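1. give me coordinates for this.
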Amino acid sequence: MSERNRTARRQGPGGPGGPGGPGGHGMAVEKPKDFKTAVKRLLKVLRPWRVQLILCGILSALSAAIGIFGPKITGQATTAIFEGLIARVRGTGGIDFDRVAKVLLFLLGLYLISALFSFLMQRLVAGVTADFSRTLRSDIGDKLHRIPVGYYEKTSVGDVLSRITNDVDAVAQNISNIFNQVISGLATLLGVLIMMITISPFMALLVVLVVPLSMALAMLIFSRSQKYFKAQQKVLGDISGQVEESFAGHQVVQAFRQEASSLAEFEKKNESLYESAWKSQFFSGLMQPIMSFVSNLGYLLVTVFGAAQAAMGLITVGDIQAFIQYVRNFMQPLMQFSQITGAVQTMAAAAERVFAFIDIEEEKEPENAPSLPPVKGRVCFENVRFGYDPEKIVIHDFSLCVLPGQTCAIVGETGSGKTTLVKLLMRFYDPIAGRITLDGVDLKSLSRSEARSAFGMVLQDTWLFSGTIMDNIRYGRPDATDGEVREAARLAHADHFILTQPGGYSMEINEEADNISSGQKQLLTIARAVLADRPVLILDEATSNVDTLTEHRIQRAMGFLMKGRTSFVIAHRLSTIREADMILVMHEGGIAEFGSHDELMKKGGRYKDLYESQFERT
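-> Below is the predicted model:
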């Protein structure tokens, strides 16, 4: 799992991974939503492929319809052979092999045509399924970037990944099987019923009479089992989240000797998955013996009454043979329908989860949003109020103006609102009241993409992806040349360590980004911000993961980088912000005091206490 997955996860108490959320440790089976609604919406999503699907249906029906004539023709060959044997015994003739050969060749041709139609249908369905799966994943991929940040802060990465992988696969893979079996099954049922009626209406009626019994049992099982299929998909997403979390933090798990606790949590969720999977498979598995019983009952009725009718000369031996084959063909679609009930329920449960993700309310963008003019860098907070929960305000009537080119350092205890200010600046959240302006332009009047284009950012939690060092730095400006990337690395004091790595700038950072140190990762993210060259900088504990010598080097680089730019620096190491134009001391969502380092030290307030706690107390 990549570095971004490790650092992006937040587990709120009401989220899928929390005890109060749907992914809690105990498996609470939800009542299923409207099954018909899920299926109708899935059909609506499939509408762009309706022409291909209609053609698939026609091919499937033709393949099934052509195959229906097989038993009837085989019965004619059987009757010809039987009558020929009787004639030979009586001395009045023999078997007409020419007639039998013609019948069998004609039958072979029918089967070949049926197989060709079936092959074409399978090819079309496979193409539709692959295209549908790709489109659905693309829709989810687009949705990922339009969902509010708050969703990711209370939802596990594993649950989101499960929707993109497991649930989409469950929908796409079952479409092909269900479509093929339903269309061909219906065509077979109708055609076989017609053929049975042409042979013996009475025996056809006997066979049809057992169908309502099987259908009633099937619907009873179907209604009881859907909730377990839905629970199975949900718990599967839970397990994905727990495994991803444990794997990403395996060093911490081992360091604190929590292997047993982690394993116990996994076993509990695995047991929940086993319970829901076992029940869903048990109910779907009941269909096979029920339909086998119904099928055998049909064979029994045909054998008894068919023999009686043959003895009375009402039907031929070949007709009995054909009828028995038709009974098998008639029961086979019913058995298939019973088998695909599980697939239908899995698909519906997975589709609900996919559609629930797609239906998440997106971030709203202003209509006719203007373009951002050249940025000078005046940033103002005007009576800003904000709370992640509207009932719990964490920023209270906050007002502040930072002039172009100034450096504003933000300090305070943990939970005082420092990082929240950064999130408001980047429009990860919008204020409940008040406004934030950039050169007098309200950020809410701009699109998020346009507003964020003015900000460069270096976070305490590094984010690197699997790829070369060059690619990771170039992420700040994709059109940058190799020379510009190297210059950015040099200014960030990352060039020296990069050149000592095997491959230099072409070194591959692995998926976990653990083949370089934390400090080196921080240097790469700083180089990325240097390359982006944005007019406003946000540095959130940017030097927290580096040693003292590297910190001094970064400070010199930051001095060059921040020159002429408006900068917001969140820091716990107060030695790094002594030269800031303005130091903002936050306390419980408000400004406790502000001023330069010397001014605040003279005041003898909260800042002086923080400073002395780091540098003067032993």
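2. list the contacts of stretch 193-204.
-> Counting contacts by CB atoms under 8 Å, 6 or more residues apart in numbering, the residues outside stretch 193-204 that touch it are 68-69, 71-72, 207-208, 301-302, 305-306, 309, 314-315, 319, 322-323, 326-327, 330. For every residue, glycine as well, the C-beta is placed using N, CA and C.
3. what about residue 598, how many residues nearby?
-> Other residues near residue 598 number 9, with proximity taken as other CB atoms under 10 Å.
4. pull up the gap between it and residue 611, please.
-> 11 Å (CB to CB, to the nearest Å).
5. quick one: what helix or strand has the spatially closest residue to residue 561 that is not a sequence neighbour in it?
-> Taking CB to CB, 6 or more residues apart in numbering, and ignoring the residues beside it in sequence, residue 561 has residue 530 as its nearest neighbour in space, at 5.7 Å. Taking DSSP states H and E as the definition, one finds residue 530 inside helix 518-532.
6. mind saving the C-alpha coords of that helix as CSV?
-> Once non-C-alpha atoms are left out, helix 518-532 reads as follows in CSV (Å, rounded to 0.1, in the frame of the first residue of the first chain):
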residue,chain,number,x,y,z
SER,A,518,11.7,10.0,6.7
GLY,A,519,13.9,13.0,6.5
GLN,A,520,14.8,12.2,2.9
LYS,A,521,11.1,11.9,2.0
GLN,A,522,10.5,15.3,3.6
LEU,A,523,13.3,16.8,1.5
LEU,A,524,11.7,15.4,-1.7
THR,A,525,8.3,17.0,-0.8
ILE,A,526,10.0,20.3,-0.1
ALA,A,527,11.7,20.0,-3.5
ARG,A,528,8.3,19.4,-5.0
ALA,A,529,7.0,22.6,-3.5
VAL,A,530,10.0,24.5,-4.7
LEU,A,531,9.4,23.2,-8.3
ALA,A,532,5.7,24.2,-8.1
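7. show the subsequent helix or strand relative to it.
-> Towards the C-terminus, the helix or strand next in line after helix 518-532, according to DSSP H and E, is strand 536-540.
8. thinking again about what came up before, contacting residues for the residue nearest to residue 561?
-> 476, 488, 491, 492, 557, 561.
9. apply 10 Å and report the result again.
-> For residue 530, the set of contacting residues under the criterion of CB atoms under 10 Å, 6 or more residues apart in numbering consists of 456, 458, 473, 476-477, 484-485, 487-492, 494, 537, 557-558, 560-561.
10. so which of the contacts of stretch 193-204 belong to helices?
-> The helices, defined by DSSP state H, take in 68-69, 71-72, 207-208, 301-302, 305-306, 309, 319, 322-323, 326-327, 330 from those.
11. can you turn the buried part of those into a PyMOL selection?
-> Burial among the ones in helices among the contacts of stretch 193-204 is assessed by 16 or more other CB atoms under 10 Å; the matching PyMOL selection reads:
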select buried, resi 68+69+71+72+207+301+302+305+306+309+319+322+323+326+327+330
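12. can you show me the helices along the stretch 501-618 of the chain?
-> With DSSP state H, counting those that start in this stretch as the criterion, the stretch 501-618 of the chain has helices at 518-532, 548-562, 597-603, 606-615.
13. out of these, which is the most enclosed?
-> Ranked by mean neighbour count, the helices of the stretch 501-618 of the chain are led by helix 518-532 with a mean of 24 (mean count of other CB atoms under 10 Å).
14. point to the residue nearest the middle of the protein.
-> Central residue check for the chain by CA atoms, centre = their mean: the C-alpha nearest the mean position is that of residue 164, 1.9 Å away.
15. please name the nearest non-neighbouring residue to that residue.
-> That would be residue 140: by CB to CB, 6+ apart, it lies 5.4 Å from residue 164.
16. got the phi and psi for the one you found?
-> Taking degrees, to the nearest 10, you get phi -70, psi -40 for the backbone angles of residue 140.
17. can you tell me the SS state at residue 194?
-> Using DSSP: H, G, I helix; E, B strand; the rest coil, the three-state assignment for residue 194 comes out as helix.
18. let me fix that: residue 464
-> Assignment for residue 464 (three-state DSSP): coil.
19. how near is it to residue 525?
-> Counting by CB to CB, the gap from residue 464 to residue 525 is 7 Å.
20. gap between the helix or strand where residue 110 lies and the chain center?
-> With elements taken from DSSP H and E, the one containing residue 110 is helix 97-144. In this view, helix 97-144 has its centroid 29 Å away from the chain centroid, taken as CA atoms, centre = their mean, to the nearest Å.
21. which strands and helices lie in contact with that helix?
-> Packing contacts for helix 97-144, counted by 3 or more CB pairs under 10 Å, 6 or more residues apart in numbering; DSSP states H and E, involve helix 35-45, helix 50-90, helix 168-199, helix 317-358.
22. thinking again about what came up before, what about the helix holding residue 530, average pLDDT?
-> Averaged across helix 518-532, pLDDT comes to 85.
23. distance from it to the middle of the chain?
-> Taking mean C-alpha positions (CA atoms, centre = their mean), helix 518-532 and its chain are 30 Å apart.
24. rewinding a little: what touches both of residue 598 and residue 611?
-> The contact lists of residue 598 and residue 611 share residue 578, where a contact means CB under 10 Å, 6+ apart.
25. any idea what residue 407 is bridged to?
-> Each beta-bridge partner of residue 407 is listed here, defined by DSSP bridges: residue 567.
26. against residue 310, how distant is residue 303?
-> The spacing between residue 303 and residue 310, counted by CB to CB, is 11 Å.
27. now swap in residue 455 and tell me
-> Summarising the geometry, the distance separating residue 455 from residue 310, computed by CB to CB, is 88 Å.
28. contacting residues around residue 170?
-> Residue 170 makes contact with 229, 232-233, 236, 343, 346-351, 353-354, according to CB under 10 Å, 6+ apart.
29. of these, which is the nearest to residue 108?
-> Top of the list for closeness to residue 108, among the contacts of residue 170 and by CB to CB, is residue 343 at 33.0 Å.
30. I figured that closest one was touching residue 280, is that so?
-> No: using CB atoms under 10 Å, residue 343 is not in contact with residue 280; the gap is 11.1 Å.
31. which of these two has more neighbours?
-> Set residue 343 next to residue 280 and count neighbours by other CB under 10 Å: residue 280 wins out with 23 against 18.
32. my guess is that one meets residue 286, correct?
-> No: distance between residue 280 and residue 286: 11.2 Å, which falls outside the contact criterion (CB under 10 Å).
33. on that earlier part again, want to try JSON lines for the helices of the stretch 501-618 of the chain, with distance to residue 51 as columns?
-> Converted to JSON lines, these look like this (distance: least, CB to CB, whole Å):
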{"stretch": "helix 518-532", "distance to residue 51": "47"}
{"stretch": "helix 548-562", "distance to residue 51": "57"}
{"stretch": "helix 597-603", "distance to residue 51": "71"}
{"stretch": "helix 606-615", "distance to residue 51": "69"}
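34. right, so of these, which gets closest to residue 212?
-> Proximity to residue 212, assessed across the helices of the stretch 501-618 of the chain by CB to CB, is greatest for helix 518-532 (67.3 Å).
35. just to revisit the earlier point, which residues are common contacts for residue 343 and residue 280?
-> residue 229.
36. mind checking how far residue 172 is from residue 340?
-> 15 Å.
37. circling back: let me have the contacts of residue 170 in a markdown table, extended by distance to residue 396 and pLDDT.
-> Written out in a markdown table, the entries for the contacts of residue 170 read as follows (distance: CB to CB, whole Å; pLDDT from 0 to 100):
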| residue | distance to residue 396 | pLDDT |
| --- | --- | --- |
| 229 | 48 | 73 |
| 232 | 46 | 77 |
| 233 | 43 | 69 |
| 236 | 43 | 76 |
| 343 | 55 | 76 |
| 346 | 50 | 78 |
| 347 | 50 | 83 |
| 348 | 47 | 83 |
| 349 | 45 | 81 |
| 350 | 45 | 85 |
| 351 | 44 | 86 |
| 353 | 39 | 84 |
| 354 | 41 | 88 |
